[in-house]
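Attaching a predicted model along with its sequence, questions to come.
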Amino acid sequence: MVTMNFYNLLASDEGGIASAIKAKLNAWSDPKYFVTATVVLLILALITYRRWTKPRNAALLGLFFLAFYVWSATDRNFIKIIAKPDNVPITIMLVATAVVTWLAFRQAAINDERMERGEPLIESGADDKVLVWPDLVYTELICLILCSVVLVVWAILLKAPLEPAANPTNIPNPSKAPWYFLGLQELLVYFDPWIAGVLLPLLIIQGLVVLPYIDKNPRGNGYYSFKERKFVISVFMFGWVIMWIVLIVLGTFLRGPNWNIFGPYEIWDPHRLAALLNVNVSDIFWVVLPSWLDMSWWKPGLPTESFMGIPAYLIRESPGWILLGFYFAVLPGLLAVTFFKKIYKDIGFIRYAIFWSLMSWMFLVPIKMVLRWGFNLKYFLAQTEWFFNV
Amino acid sequence: MATKQLVTKVWIAPGCIVCDACETTAPDVFEVQHENNTCIIRPAALDTEFCKPRSEAIVQSAEECPVDVIKFDTISVEVPDDQAGAPAAASTGDAASAAAGAGKAAPAKAAAKVAAPPKPKVVDPAIQALLAATTVRGGNVVIDGGLKHAPASVKHLAKLPADQLPPDARHQKVLEKSKAAKPADEPTRRNVMVAAGWGFMAAIGGGSTLAFARFMSPNVLEVPDPKVPCGPLSKYLAMAPGDVNEDFKPEKPSGFWIIREEDRIVAVSIICTHLGCIPSWLPNDRKFKCPCHGSGFKANGVNFEGPAPRPLERFKIYADGDKVIETARRSFWRWVRTTSRRGMIPRRILRFESGIELRVSSRGFAMRLSRICRD
C-alpha cells in the first residue's frame, strides 16, 4: 500500500497531491502569470543575490530544481517534450544558465562583501598565468577529445532523421523552430515578420556591439561586482533571462498545437477550444471607446473618409501613431529630465539616444506581450496598407 | 649688460623638403643628403657647446628655411655690452629658460649681427603666394586641392618651366619640388582606399535603402489567367452554409479551400498572411488556425486572432455552366514562389492579363474581385 501511495504521489495522473500540483502549475502556466512570476523571481534573485548564492543555499535550490524536474519527467506529457531529440539541449541550457548565473553572482557577492570590509578582491594578485606548452595545449586536447566523444555518442543515441517531404495537407502542428530560435518565434506571435524576424534580432546584435561604447563606466572591469553595476547588470539580466531564456522555455514547454498555450503537464489536444478575439488600438479608440462613452456626436466606426488630403488609414491609425510617437520620442526625453537625469548627464545626448532607443525596443516586447495576453491587443499600429504593423 | 640668445639645441621637424638652404648658411650644423632624400643635424652639432657659438648661423638658417621646419631651443645669457656680438662660452645652461621657437624667436639677432647683415630675401609676391598655398605633408610639398583653386599667380608660376623661374636658388628648389609633388586630388593609395571605403558604405546603404523601399512598396505581378476546374456546382450547393471543402488543399503547387457561405461560395488561399505557413481548418472551432504563430481566421477567411495582419487571400471563382472554375491558381503559385524566394513579403496585387486586379483591401473582408457565384 505504501509503495502504491508513493507511486501515486510521484507519477499518478489520476488524483492525489501530484495531480493537484500539476493542475495548479498548468493553471499558472498562462504566460501572463508565468512571465510575471519569472520577472518577480528575477527581481528577488537580484535583491537577495548574497543569500541564494551561498554554496549551501545554491546547492539546495539546484537539488530542489533537479528533483522537481525529474519528478516532472514522470509525467507523460512533460517527458514527451523533453525526450524529443530536438529538445534535449533545453535541459542542458536550463542547467547551464543556472550554473553560470550562480558562478557570476557568487563571485560578485564575495567581492562586494570584501569591498565593504576593505579587503582585496578575489581577482587581485591572482596570478593565473599558465604555460601554453604543456598546460594549455594539454587542456585543449582533453577538451577536444571529451567534446568529440560526447557529440559522437549523442549523435548515435539520439536520431535526427530527415522527415518526409513537405506536404500542405499534413503539417506538423505545432510547427516549431529549432529550440534556440523559439524565443524569436515567440516574438513573431506579437509583431510583424519584419520587426520580429529582422529588426529585433539586428537590434540585439547591434546593442551588444555598441554596449562598450555606451557604457563608459570602468567599474566592474576585470572583476566581478554587482553592487557597483546594479542598473546595467539588472537590465542585462532582464534582456537575457526573461527576453531570451524564458521565451525559449515558453516556446518549448508551453506552446502546443495551433500555437495555443498548454500547461507543461497538459495533453496537447489540437481540438481544444481556445477563444480569442484580438483588437487593434484603432479598434479600441474608434469603436470600443465611443460605444462605451455613448455620446451623441461620436458614433462608433472606423474612419473611412480621407480628410484634408490625409488618407483615411492614417486618420484611422492616428491613435497608434500618437501612442508610439510618445513612447519612442517623448518618453525618453521625459525620462532624461526625471528618472535618468544622472545617466543622461553622465553619458551625453548621443549615447543616451542610442541607449534609450535600444531600451525602447527591448521593453516594447514585454509590454506588447502583456497587452496581448491580458487585453487581447493585436497591434498598436495596424497600418496594413504600408505593411507596417507594430 | 645686454642679453643675448644662445642656441642650445637644434632639430628638424617633419616636413623638410631637402633644399640646400640651411647647409649653405650653416654647413657645419646641417647636412643635406640628397641620396637619402633627407637632411640631418651633423653629429657634432648635437652638442650644446658646439651650437652656442653658431647661434647666429642657426637662427638665420631657421629664418631662411622655406618650410620653417628648423626648430631650436635658446637660453638668454647676460653679456657685458662690450662683449655683445662675440661668441660667449656660456655655462649657465641650467638656470636659463629654454624657449622653443621658430625663426621669429630671435629678437637679439640684429644686435648680435654686426659684421654681415642678413641676405635680403627675394620677395616675389607670386612666390609668397605659392609658398602660402603649399603645405608639406609626409615629406612632400603638396598644394592642397591641387592648382585648381590656387591664386592666379601660383598657377602661372607652376606652369613655368624650371629655367624660367625666378633666380633665387632656394625658392626655385621649392618650386621645382612643388611642381613635382602630387596634388591632393590625384589618386594616391590612401585616396583610393578611402574612396573605396566610402563607396562600399554607400553601396551598402543604398542597396539596403532600395531593398527596404522594395520591401515596403506594393507588389504587382503580371500573370496570365490560370484556371482550375473544381467540379460540378451542385457539389458545393449541397454543402451546409459555413462548411469548408478541403479537396483542393493539396492542389499543386498551391492549394485553396472552397467555402460555402449563406448565399455564395468562395475560394480562399491556404497561405497564412502572416508568414506563409498553412493553417488548419478546425471544424469544431469553425476557424482556420495557423500552427506556426497562432494566427486565427474565421470561416470566411477574416483574420481575428494572432499576428496575421490581413484576411486570407481570396481567389476569383466563377461558374461555367454547371462547372465551378477557380482561376488564380497558377498566378498564386508564382506569387508563393516569389514569396519564398524573396523570403519576406507576399505579393499584394495580382494583375491579370484580362486587366483584372486581385488586391487586398485596406482591412477588408475579401479580395475585391472575388466573383460571387449565386445559385
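Thanks, I have it.

tell me which residues in the helix or strand that contains A:Leu211 are buried?
Following DSSP states H and E, one finds A:Leu211 within helix A:200-214. Neighbour-count burial for helix A:200-214 flags A:200, A:203-204, A:207, A:214 (criterion: 16 or more other Cβ atoms under 10 Å in any protein chain shown). For every residue, glycine as well, the C-beta is placed using N, CA and C.

Throw these into CSV and include pLDDT, thanks.
What follows is those, written out as CSV (pLDDT from 0 to 100):
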residue, pLDDT
A:Leu200, 93
A:Leu203, 94
A:Ile204, 93
A:Gly207, 92
A:Ile214, 89
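
Please identify which of those is nearest to chain B.
When these are compared for distance to chain B (Cβ to the nearest Cβ), A:Leu200 wins out at 13.6 Å.

Distance of the residue nearest to B:Phe30 when sequence neighbours are not counted relative to chain A?
Taking Cβ to Cβ, 6 or more residues apart in numbering or on different chains as the measure, B:Phe30 lies nearest to B:Cys22, with 4.1 Å between them; neighbours along the chain are not counted. According to Cβ to the nearest Cβ, to the nearest Å, B:Cys22 and chain A sit 48 Å apart.

again with B:Gly301
If you measure B:Gly301 against chain A using Cβ to the nearest Cβ, the figure is 15 Å.

Okay, that residue and B:Leu275: tell me how far apart.
17 Å (Cβ to Cβ, to the nearest Å).

now swap in A:Leu276 and tell me
Note on A:Leu276: its distance to B:Leu275, by Cβ to Cβ, is 18 Å.

Same drill for the two, tell me which one is more crowded.
Counting neighbours by other Cβ atoms under 10 Å in any protein chain shown for A:Leu276 and for B:Leu275 shows that B:Leu275 has the greater number, 21 against 15.

What's the local residue count around the residue of chain A found nearest chain B?
Chain A approaches chain B most closely through A:Trp259 (3.2 Å), counting by Cβ to the nearest Cβ. Applying other Cβ under 10 Å, we find 27 other residues in the vicinity of A:Trp259.

next one: B:Ile270
The burial metric for B:Ile270, expressed as a neighbour count using other Cβ under 10 Å, is 26.

Looks like it contacts B:Ile278 (just checking).
Yes: in this structure B:Ile270 lies within contact range of B:Ile278 using Cβ atoms under 8 Å: 5.1 Å.

what do these two both touch?
Among the neighbours of B:Ile270, those also in contact with B:Ile278 (Cβ atoms under 8 Å, 6 or more residues apart in numbering or on different chains) are A:168, B:249.

So what does B:His293 have for phi and psi?
When quoted as degrees, to the nearest 10, the phi and psi of B:His293 stand at phi -130, psi 10.

Could I get the contacting residues of it?
With contacts defined as Cβ under 8 Å, 6+ apart, the neighbours of B:His293 are A:185, A:188-189, A:259, B:274-275, B:277, B:306-307.

now these as JSON lines including pLDDT?
Rendered in JSON lines, the data for the contacts of B:His293 read as follows (pLDDT from 0 to 100):
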{"residue": "A:Gln185", "pLDDT": "92"}
{"residue": "A:Leu188", "pLDDT": "92"}
{"residue": "A:Val189", "pLDDT": "91"}
{"residue": "A:Trp259", "pLDDT": "90"}
{"residue": "B:His274", "pLDDT": "86"}
{"residue": "B:Leu275", "pLDDT": "85"}
{"residue": "B:Cys277", "pLDDT": "87"}
{"residue": "B:Gly306", "pLDDT": "85"}
{"residue": "B:Pro307", "pLDDT": "87"}
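
Domain-wise, how is chain B divided?
For chain B, the structural domains run B:2-112, B:125-180, B:220-359, going by automatic domain parsing.

Can you tell me which residue of chain B sits closest to chain A?
Of all residues in chain B, B:Gly294 sits closest to chain A, at 3.2 Å by Cβ to the nearest Cβ.

Distance-wise, check the spatially closest residue to that residue that is not a sequence neighbour relative to A:Ile171.
Once its chain neighbours are removed from consideration, B:Gly294 has its nearest residue in A:Trp259; the separation is 3.2 Å (Cβ to Cβ, 6+ apart). From A:Trp259 over to A:Ile171 the distance is 12 Å, taken as Cβ to Cβ.

anything in contact with each of those two?
B:Pro291.

Assign the one residue sitting closest to the centre of chain A to helix, strand or coil.
Chain A has A:Met243 as the residue nearest its centroid, 2.6 Å off, counting by Cα atoms, centre = their mean. When classified by DSSP: H, G, I helix; E, B strand; the rest coil, A:Met243 comes out as helix.

Quick check: chain neighbours aside, which residue is closest to it?
In space, A:Met243 comes closest to A:Val365 once its chain neighbours are excluded; the distance is 6.2 Å by Cβ to Cβ, 6+ apart.

Now the residue lying farthest from the centre of chain A: phi and psi?
In chain A, the greatest distance from the average C-alpha position (Cα atoms, centre = their mean) is reached by A:Ser296, at 45.5 Å. The phi and psi values for A:Ser296, taken as degrees, to the nearest 10, are phi -70, psi -30.

Pull up the gap between it and A:Asn26, please.
In this structure, A:Ser296 and A:Asn26 are separated by 48 Å, where distance is defined by Cβ to Cβ.

Ok, B:Cys290 next?
Here the distance between B:Cys290 and A:Asn26 works out to 24 Å (Cβ to Cβ).

okay, those two: which has more neighbours?
Between B:Cys290 and A:Asn26, counted using other Cβ under 10 Å, B:Cys290 has the larger neighbour count: 30 against 18.

quick one, what contacts the more buried one?
If a contact means Cβ under 8 Å, 6+ apart, then B:Cys290 has A:258-259, B:272, B:274, B:277-280, B:296, B:306, B:308 as its contacts.

Check what pLDDT A:Ser12 gets.
The pLDDT attached to A:Ser12 in the predicted structure is 47.

picking up where we left off before, contacting residues around the residue nearest to B:Gly294?
Contacts were defined as Cβ under 8 Å, 6+ apart; by that measure A:Trp259 touches A:174, A:189, B:289-294, B:306.

Now with 6 Å, please.
The contact partners of A:Trp259, by Cβ atoms under 6 Å, 6 or more residues apart in numbering or on different chains, come to A:174, B:293-294.
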